[in-house]
Structures are given as structure tokens and as C-alpha cells.
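sharing a model prediction with you, sequence too.
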Amino acid sequence: VTPLSASQDFRWMAAAIRLARRGRYTASPRPLVGCLLVRDGLVVGQGVHLQPCHPDDAIRTALADAAGRSRGSTLYLTLTPSTHWCVCPVKALLDAGICRVVLAGSGMDWLEPITRMRQAGIMVETGLLQQEADGLNEAWNHRLKNGRPWVTVKLAMSLDGRTALSNGQSKWITGLPSRTDVHRQRAEACAILSGADTVILDDALLNVRWPPGAAYPGAVIRQPLRVVIDSRQRLFPGLKMFALPSPILLAYADTSTRDWPGHVDTFKCPLSMGGKIDLRVLLEELARRGLNSVWVEAGATLAGAFLQQQLVDRLVVYMAPKLMGGHARGLLELPCFSSMQQVPQLHLLDVRQLGDDLKLTYRLEPSPSIKQTIPSHLPD
Ligand SMILES: NC(=O)c1ccc[n+]([C@@H]2O[C@H](COP(=O)([O-])OP(=O)(O)OC[C@H]3O[C@@H](n4cnc5c(N)ncnc54)[C@H](OP(=O)(O)O)[C@@H]3O)[C@@H](O)[C@H]2O)c1
């Protein structure tokens, strides 16, 4: 069997990455994995994680898909290394006659399966499009590394940086294309998190409302866990969100005083020094429950608290061509800065136009001034 040229390898690994992305709405909380079997320039089998499944499902599905045509083929696998997920069915590969394996991953975690494959006579190459493949599972890798989910804070604002009128109204700041985009982004998250004020003021559902007519890669829409910070137990059963059957987690400062229906769980969360729910502990609890990513849709207070405590990995701002005036609520509540050196610095990752709005995606850099606002008992 002649090894494929480097450009062919790039082409097929890129195709495997595209294939893996098909699971982005449904595979949660499992990582996205794509696997292609290629022989004589043709795909003879493919496998992808579409549902939460067994670690090596993408490989086994690809082998089954090839149905006897796998002998002499090259296997392309996107999964990047992780001690928790490094399962490689070497015997199944041998039985299927796979002679060459190209992995996006490399590093220590792959040493053992690579050694086993090589000892069995399979040619193995590693690290192809690793960065791109890592990008598939940024949130999953983040949870394993840091013990808390990947946090995205979303805010819709007017051109003058306002997120709600002074009376609390905020529907709608942005246009339909932005709101549709928000639902696609919600659909990728493991959890949608908000605060009691937003839920009460907006009677928010915090669910995924998939765009009518748009194809969804699953029989039923996977609804993320809905998490609400409600330290003082102000939420009540008459709110619309409780009428939907998808699971809810309420973060309380104390033991629940209500008998909630089965789909509502409560978590008694320790308080931080400021007497608020300790966001870091709450995130750690969500990670313990296997949640990789949290999409935060809250007002200026809670969104600002996440930012101040350096718990935001990405900030997504939808900016609408509206002017809400100086009395309206701001974007984020932050400490009073006295010099420009203290001001948090963001890094713009992406800009796109959605109808009349702009979608701005930022990465956050740790800032010395923000660091000082972290309560001293919390680890950096
Ligand atoms: N434009 C947008 O994208 C957008 C998105 C969502 C909401 N909104 C608007 O925002 C307004 C509500 O905003 P808001 O600022 O009043 O409320 P908020 O930020 O949504 O939520 C405040 C909640 O967060 C909790 N909280 C506040 N500070 C905290 C901290 N440091 N640590 C932990 N928990 C903390 C409080 O819990 P406890 O009180 O229980 O302690 C409170 O329930 C509404 O008008 C809504 O329409 C706009």
C-alpha cells in the first residue's frame, strides 16, 4: 500500500474535522470526533459522534460503515489526546486490515495506543491539523484541564452600549438574524445560565428555539441544562420556564424551601465574601456534572461578576443600530477604575454582520486590575 501524499492527508483530515462538527449540537457532553477510512482516494467508511456515546464509537462506526472495504485503507481520526478519552480498538483495526493511521493528536496521552498500533504493524502518523482539531473540543479540553466549564458571556447591546432600559425592558434590542444565531449558539452549549432578575423581568425560557425549517442533526432538539442563580429563592412555579420539561438547576444560598417538580433540581452553593453565590464553586459543580460549556445570558450585574472574577473565556456581543440613551443599563457592571492601565483588555477574535447588527467575539486576557477584585480566599 502506498502512503498518501501529504496534501491528500491534509485534505482527508480536514474532511474528518468537518465531519466531527456534525455532532456539535447533539454529542454533548462527549467530545466531537470524526473518523474517515480512505482507500485509493475514496472514502470507504465514516464515523462521527452524534450522540453521547462510547469513546471509540467514531472508529467502530467507520469500520462498520466500510463493511468489508476497509482492508488496506488509511484511518483519519480527529480526536486529540486526553488521558480520559484515549481508547483505541487496536484489535478491531487489525481485523479490519487498516494499515495506516493518521491522528490529529500527538503527545504523551497517545504513547500507549500508538506503541500498540506500531507493534501490531500499523503505520502511525500524528499531529496533523492538531490545532484545528483541538478547536473542535476547546470546551471539553478546558473542563478536563481546569475543572470548570468553558464560559461564554453573551450580551445584546445598542450602539451606545446599553443592554436594558431603566425599567428593565430589553426585548428586543437585536434583529431576528442575531436572535436566530443566539439560538444556534445556545444549542451548542451544555448549559444556559442566567440570574433570577433576568428570569423574573423577562419571564425568560432559557431554552433552544431552533429556527423553523432549518435542518437539525437529530430526531429531537437537545435542550441544554438551564441554570439560574437565585440565592434568595425568588423564582416561583408560575414562571414560563418551569412549564417546559427540560432540566433546570437552581443555585440557592440555602436548602430549598419549595417542593419543585422532578425536572427542577436545586444546589445549595456556598457564598463568596461578598455574600453572593460563589460563581467559581458553582462552575466546579457544573463541571462535576460533566458539563463542558456554559452560555451565560444575564444582565449587566451577573455578567459583570463573571468578568470580574476572571471566569469568562469568551465574550460575544451583538451590537444593534439602536440608541437607548444614558438612563438605560450598561453592558457590564465593573469596579470604578481610576486609570486606563486598570481597564480590562479584550482581544477581538471575530466580527460578522447579521442583518443590521454586528456580532463581535472577544477573548479575555487576565488583567491585573480585575485580579485585585477577586476575594482573597479564592485561588487565582
Ligand atoms: N441585553 C442582554 O443581552 C440582556 C441579557 C439578559 C438580561 N438582560 C436584561 O438585564 C436586566 C437584568 O439585569 P440585572 O443586572 O438586574 O440582573 P442579572 O445580571 O441578570 O442577574 C442578577 C442576578 O445575579 C445574581 N448575582 C448578582 N451579582 C452576583 C455576584 N457577584 N455573584 C453571584 N451572583 C450574583 C443575583 O442573585 P441574587 O439576587 O439571587 O443574589 C441576581 O439574581 C433585565 O432587564 C434583562 O432584561 C439583558
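Yep, it's here. Please read these numbers as outputs of a predicted model, since none were measured by experiment.

which residue packs closest to the one residue in the chain that gets nearest to the ligand, ignoring adjacent ones?
Going by CB to the nearest ligand atom, the ligand is nearest to residue 299 of the chain, at 1.7 Å. Where C-beta positions appear, they are placed from N, C-alpha and C, glycine not excepted. Nearest non-adjacent residue to residue 299, counting by CB to CB, 6 or more residues apart in numbering: residue 198, 5.3 Å away.

residue contacts, the one you found?
204, 297, 298, 299, 302 (CB atoms under 8 Å, 6 or more residues apart in numbering).

switch the cut-off to 10 Å
Contacts for residue 198 (CB atoms under 10 Å, 6 or more residues apart in numbering) come out as 164, 168, 170, 204, 206, 228-229, 297-299, 301-303.

if I look at the nearest residue to residue 52 once chain neighbours are set aside, how far off is residue 253?
Nearest non-adjacent residue to residue 52, counting by CB to CB, 6+ apart: residue 30, 4.8 Å away. Going from residue 30 to residue 253 by CB to CB, to the nearest Å gives 33 Å.

who has more neighbours, those two?
Taking neighbours as other CB atoms under 10 Å, residue 30 and residue 253 compare with residue 30 leading, 22 against 17.

the residue nearest the centre of the chain bridge partners, please.
In the chain, the residue lying closest to the centroid (CA atoms, centre = their mean) is residue 293, at 3.6 Å. Beta bridges link residue 293 to residue 150, judged by DSSP bridges.

what residues does it make contact with?
Contacts of residue 293 (CB under 10 Å, 6+ apart): 28-29, 138-140, 142-143, 149-152, 188-191, 224, 286, 313-314.

buried ones from those residues, can you make that a ChimeraX selection?
Selection of the buried residues among those in ChimeraX, burial being defined by 16 or more other CB atoms under 10 Å:
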select :28,29,139,140,142,143,149,150,151,152,188,189,190,191,224,286,313,314
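
from the contacts of residue 293, which land in helices?
Using DSSP state H, the subset of the contacts of residue 293 located in helices is 138, 139, 140, 142, 143, 188, 286.

so what's the last one up against?
In other words, residue 286. By CB under 10 Å, 6+ apart, the neighbours of residue 286 are 143, 148-149, 151, 190-191, 193, 225, 227, 249, 251, 267, 292-294.

so how far is residue 262 from it?
Taken as CB to CB, the span from residue 286 to residue 262 is 20 Å.

repeat that for the fifth one.
If you measure residue 143 against residue 262 using CB to CB, the figure is 26 Å.

before we move on, back to that, tell me the pLDDT at the residue nearest to the centre of the chain?
For residue 293, the pLDDT comes out at 97.

what does the chain put close to the ligand?
155-156, 163-164, 168, 170, 173, 194-198, 201-202, 229-232, 274, 276-277, 279, 297-302, 305 (CB under 6 Å from any ligand atom).

out of the residues you listed, which are buried?
Looks like these have 155-156, 163-164, 170, 173, 194-198, 201-202, 229-231, 276-277, 279, 297-300, 302, 305 buried, using 16+ other CB under 10 Å.

let's see which of those residues end up in strands.
Counting by DSSP state E, those place 155, 156, 194, 195, 229 in strands.

need the max-distance pair from these.
156 and 229 (19.5 Å; CB to CB).

burial count for the closest residue to residue 272 other than its chain neighbours?
Once flanking residues are discounted, residue 272 sits nearest to residue 278: 4.3 Å by CB to CB, 6+ apart. Residues lying near residue 278 (other CB under 10 Å) number 21.

can you give me the helices in the stretch 251-380 of the chain?
Ranges of helices in the stretch 251-380 of the chain, per DSSP state H, counting those that start in this stretch, are 279-288, 300-308, 368-372.

now these in a markdown table, with mean pLDDT?
Formatted as a markdown table, the helices of the stretch 251-380 of the chain follow (pLDDT from 0 to 100):
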| stretch | mean pLDDT |
| --- | --- |
| helix 279-288 | 98 |
| helix 300-308 | 96 |
| helix 368-372 | 46 |
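
and those helices, which is most packed in?
Stretch with highest mean neighbour count among the helices of the stretch 251-380 of the chain: helix 300-308 (a mean of 21; mean count of other CB atoms under 10 Å).

which secondary structure elements does that helix sit against?
Judged by 3 or more CB pairs under 10 Å, 6 or more residues apart in numbering; DSSP states H and E, the packing partners of helix 300-308 are strand 150-158, strand 191-195, helix 196-202, helix 279-288, strand 293-296, strand 314-320, helix 368-372.

of all those, which one is nearest residue 51?
Checked against CB to CB, the stretch from the helices and strands packed on helix 300-308 lying closest is strand 293-296, at 17.2 Å.

and that closest one, what's buried?
Buried, per 16+ other CB under 10 Å, within strand 293-296: 293, 294, 295, 296.

could you identify the most distant pair in those?
It's 293 and 296 that sit farthest apart of the buried residues of strand 293-296, by CB to CB, at 10.4 Å.

name the residues contacting each of these two.
151, 152, 189, 191.

show the contacting residues for the nearest residue to the second one once chain neighbours are set aside.
Yep, that's residue 152 we're talking about. Excluding the flanking residues, the one nearest residue 152 by CB to CB, 6+ apart is residue 314, at 4.5 Å. Contact partners of residue 314, counting by CB under 10 Å, 6+ apart, are 138-139, 150-154, 293, 295, 346, 349-350, 361-364.

dig out what residue 46 forms beta bridges with.
Applying DSSP bridges, one finds that residue 46 bridges with residue 36.

neighbours of it, how many?
20.

same question for residue 268.
When neighbours are counted by other CB under 10 Å, residue 268 comes out with 12.
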